[in-house]
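*Asks:* after the sequence you'll find the predicted model.
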Amino acid sequence: MPSIDIIVPVFNEQTVVPLFQERIKTAMQDCDVQWRVIFVDDGSSDDSLKAMKRIHDEDNRFGYLSLSRNFGKEYAVTAGLDHTSADAAVVIDVDLQDPPELIPDMVKQWHAGYDVVYATRKARHGESIAKKATASLFYRTINSMSKIEIPKDTGDFRLMSRRAYQAVNKLRERNRFMKGLFAWVGYKQKQIYFEREPRAAGETKWNYSKLWRFALDGITSFSYLPLRFATWIGMFVAIFAFFYGATIIARTIIFGNDVPGYPSLMVVILFLGGIQLTALGIIGEYLGRMFNESKQRPLYLVDKFQPPETHTQ
Ligand code: UDP
Ligand code: MG
């Protein structure tokens, strides 16, 4: 029977971990695979790890991997994927916003020959209009800037065949924009739809400043376009300045010079200063990320790995 490992990143989710256990057990009941769950404790400061240990003791299809501190969801998912060798791996949030009931459908598509089956949300329940609008703007921006098509409204919830998740595991960049990495891998991909529910309990770890950083990470790791921005603006300004200069010369020759020009001088100085600072900032964004990569630090550190047992059914 094919085996799948379900990778679940967890950060301070003590209330939902047991709920997740129940939901996944019911959801996987009639699915013809040998499934196991690997919870990745991303340095929780509450009793999440204790809950995982308890669950493992009572049902050894559940294992856990605890990281040395909080590294962030991307790194937790990476750690989980590094610690599986199943025929396929599923990545799912613990807060039940990704319905576990979808996994059997994903398995079906996988059996039908797809390497990656990803779940796209049809509706975003319990999210503000502002969040929906920024999300939509984000997908439009990144897809117009990079060659790799990143599916809209799709999170990390997906099934990947062994060769697909092993390909993701080969991408060791520190700047881990998972949506992009998953898309970069290619292979035969299948989209399925679901309704995203509000969290079962607990609170989201996202806020606007994190989202902004996330968007910058996504764009800078998949597109050089912002760097070219400086070249374009520079060229545009240079062409403009050339014609402006020509008009000034012509005017001086025809009408003479009565020393005007303080306002236009100010405008030009401020305009160019602004553009230079923006361009420097953009270069800085890339440089900082290169600095991070060049340090070659490990992506995460493991505190303890308790693998789930393999079941023979
Ligand atoms: N998560 C994590 N490390 C973090 C933040 C979040 O492992 O630093 C996990 C979290 O426990 C959950 C998933 O990532 O399983 C998604 O987090 P969240 O629900 O906060 O994100 P949202 O659904 O709002 O995008
Ligand atoms: Mg969530």
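*Replies:* Sure, I can see it. Ligands and ions are numbered 1, 2, ... in the order given.
*Asks:* and stretch 134-146, C-alpha only, in PDB?
*Replies:* C-alpha atoms of stretch 134-146 as PDB (Å, rounded to 0.1, in the frame of the first residue of the first chain):
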ATOM      1  CA  THR A 134      -4.000  43.000  -0.700                       C
ATOM      2  CA  ALA A 135      -3.800  39.300  -1.400                       C
ATOM      3  CA  SER A 136      -5.300  39.800  -4.900                       C
ATOM      4  CA  LEU A 137      -2.900  42.600  -5.600                       C
ATOM      5  CA  PHE A 138       0.000  40.500  -4.400                       C
ATOM      6  CA  TYR A 139      -0.700  37.600  -6.800                       C
ATOM      7  CA  ARG A 140      -1.200  40.000  -9.700                       C
ATOM      8  CA  THR A 141       2.100  41.700  -9.000                       C
ATOM      9  CA  ILE A 142       4.200  38.600  -8.500                       C
ATOM     10  CA  ASN A 143       2.800  36.900 -11.500                       C
ATOM     11  CA  SER A 144       3.400  39.800 -13.800                       C
ATOM     12  CA  MET A 145       6.900  40.100 -12.500                       C
ATOM     13  CA  SER A 146       8.200  36.500 -12.500                       C
END
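*Asks:* and the helix or strand where residue 144 lies, what does it pack against?
*Replies:* Using DSSP states H and E, residue 144 sits within helix 129-145. If you count contacts as 3 or more Cβ pairs under 8 Å, 6 or more residues apart in numbering; DSSP states H and E, helix 129-145 packs onto strand 116-124, helix 208-222. From N, CA and C alone the C-beta is placed, and that goes for glycine too.
*Asks:* just the mean pLDDT for the host helix or strand of residue 277, thanks.
*Replies:* Element membership for residue 277, per DSSP H and E: helix 262-294. Helix 262-294 shows a mean pLDDT of 82.
*Asks:* the helix holding residue 144 to helix 208-222, inter-axis angle?
*Replies:* Helix 129-145 runs at 10 degrees relative to helix 208-222, counting by axes from the mean of the first three to the mean of the last three Cα atoms, to 10 degrees.
*Asks:* partners of the following helix or strand past helix 129-145, with directions?
*Replies:* On the C-terminal side of helix 129-145, the closest following helix or strand by DSSP H and E is strand 154-161. Strand 154-161 pairs in its sheet with strand 88-91 (antiparallel), strand 116-124 (antiparallel), by DSSP bridges.
*Asks:* off-centre distance for the helix or strand encompassing residue 26?
*Replies:* Per DSSP H and E: residue 26 is located in helix 16-28. Computed by Cα atoms, centre = their mean, to the nearest Å, the chain-centroid distance of helix 16-28 equals 24 Å.
*Asks:* what residues of it count as buried?
*Replies:* 16, 17, 20, 21, 23, 24, 27, 28 (16 or more other Cβ atoms under 10 Å).
*Asks:* distance of the closest residue to the third one other than its chain neighbours from ligand 1?
*Replies:* Going back to what we said before, that points to residue 20. Closest residue in space to residue 20, ignoring its immediate chain neighbours: residue 94 at 5.0 Å, by Cβ to Cβ, 6 or more residues apart in numbering. According to Cβ to the nearest ligand atom, to the nearest Å, residue 94 stands 4 Å off from ligand 1.
*Asks:* and the gap between residue 94 and residue 194?
*Replies:* 16 Å (Cβ to Cβ, to the nearest Å).
*Asks:* likewise residue 241?
*Replies:* Taking Cβ to Cβ, one finds residue 241 at 54 Å from residue 194.
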